[in-house]
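Novice: missing the sequence, but the structure's below:
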């Protein structure tokens, strides 16, 4: 209801409604003639698309007696409400009547209401890089609130989007208010919940094979891919297979991942492969039981044996001249 000169009396996006409140039959010399006039005016209103809602109040027998006219005049027979004057003296009954009138008068339009979308944002995760104790966290405030009409005002928040947050769980409260259909201020708040944690690779995995022996120059090795402890996208250049042939020694296999975070970063996770064994020329040998002398393998003998070039000599009986020429003791070594 508005003042006579209010511009809100005509709004293109709001339907016109007539509320007919009556306490009985038409008064006058001719009830039949006045009813005919009412019928004509009602049809004119309906032709213009105006919704008509009727309330009949009075004595029970009189109310029900002229209900047939009201149901004919109303846009919808269900838009006819009946009550008594005695009931209208009780506030509870008046509120019930107003509730029943809401949909017929407003065409199903809900009263102004604002609140948190879906009850608030679901808890989300944000990841910091290894070694960090805090990181920037952001969220879109426009995703927090929903209103079926009108607008809302923003109050204070515990903290704001875009700040640095430490590791752990956080609940940030945003406060708002709006004016409902009756002009009453309604306060509400929406909470942003998130967890900040470190995303890192697992400890470097070590895969050790048996020691190479005999004619084996390579060992067959399999391993598991080292995934980070958070959602991450692997590089297309990462090894396609988790198996391979490896020579004696230590080998490192690297996997690169991109953490699609609010602040994206890259992780490199590694697997270390250890293949025990030593080569003498083109052959693997076991240093505990054999000796390699310049590419030639000998079974290990007592302590008084040593290499002289590619020969393995008894040093108590022979001497090594020029590093590769064994001479029977006592020598001497020939001059060069």
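Specialist: Nice, I can see it. Please read these numbers as outputs of a predicted model, since none were measured by experiment.
Novice: ok, now which ones touch the nearest residue to residue 166 once chain neighbours are set aside?
Specialist: Counting by C-beta to C-beta, 6 or more residues apart in numbering, the nearest residue to residue 166 once its immediate chain neighbours are dropped is residue 134, at 4.6 Å. Yep, even glycine has a C-beta here, placed from its N, CA and C like the rest. With contact taken as C-beta atoms under 8 Å, 6 or more residues apart in numbering, residue 134 is in contact with 128, 164-167, 196.
Novice: Select only the buried ones of those residues in ChimeraX?
Specialist: Buried members of the contacts of residue 134, defined by 16 or more other C-beta atoms under 10 Å, are picked up in ChimeraX with:
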select :128,165,196
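Novice: Could you dump the contacts of residue 134 into a markdown table and include pLDDT?
Specialist: Conversion of the contacts of residue 134 to a markdown table gives the following (pLDDT from 0 to 100):
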| residue | pLDDT |
| --- | --- |
| 128 | 95 |
| 164 | 95 |
| 165 | 96 |
| 166 | 96 |
| 167 | 96 |
| 196 | 96 |
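Novice: Which pair in the contacts of residue 134 has the greatest spatial separation?
Specialist: Spanning the widest gap among the contacts of residue 134 are 164 and 167, at 11.1 Å by C-beta to C-beta.
Novice: where's residue 159 relative to residue 23, distance?
Specialist: Separation of residue 159 from residue 23 (C-beta to C-beta, to the nearest Å): 61 Å.
Novice: Ok, residue 134 next?
Specialist: Relative to residue 23, and taking C-beta to C-beta, residue 134 is found at 72 Å.
Novice: just checking, what's the longest strand in this structure?
Specialist: Longest strand in the chain, counting residues (DSSP state E): strand 185-198.
Novice: Just the mean pLDDT for the helix or strand that comes right after it, thanks.
Specialist: Remark: after strand 185-198, the chain's next helix or strand is strand 205-208, criterion DSSP states H and E. Strand 205-208 carries an average pLDDT of 90.
Novice: Which of the helices or strands spans residue 34?
Specialist: Using DSSP H and E, residue 34 sits in helix 31-47.
Novice: and the helix or strand just after that helix, average pLDDT?
Specialist: Next helix or strand after helix 31-47 toward the C-terminus (DSSP H and E): strand 51-57. The average pLDDT within strand 51-57 is 84.
Novice: Could you do stretch 248-264 as well?
Specialist: Per-region confidence: stretch 248-264 scores 90 on mean pLDDT.
Novice: Please list the outside residues in contact with it.
Specialist: Counting by C-beta under 8 Å, 6+ apart, 126-127, 135-138, 199, 212, 219, 223, 225-228, 230-235, 237-239, 265-279, 284 sit against stretch 248-264.
Novice: Just the buried ones from the residues you listed?
Specialist: 126-127, 135, 137, 199, 212, 219, 223, 226, 228, 230, 232, 265, 267, 269, 271, 273, 275, 277, 284.
Novice: And for residue 57, the neighbour number?
Specialist: Residue neighbour count, defined by other C-beta atoms under 10 Å, stands at 19 for residue 57.
Novice: ok, now how distant is residue 241 from residue 225?
Specialist: Taking C-beta to C-beta, one finds residue 241 at 10 Å from residue 225.
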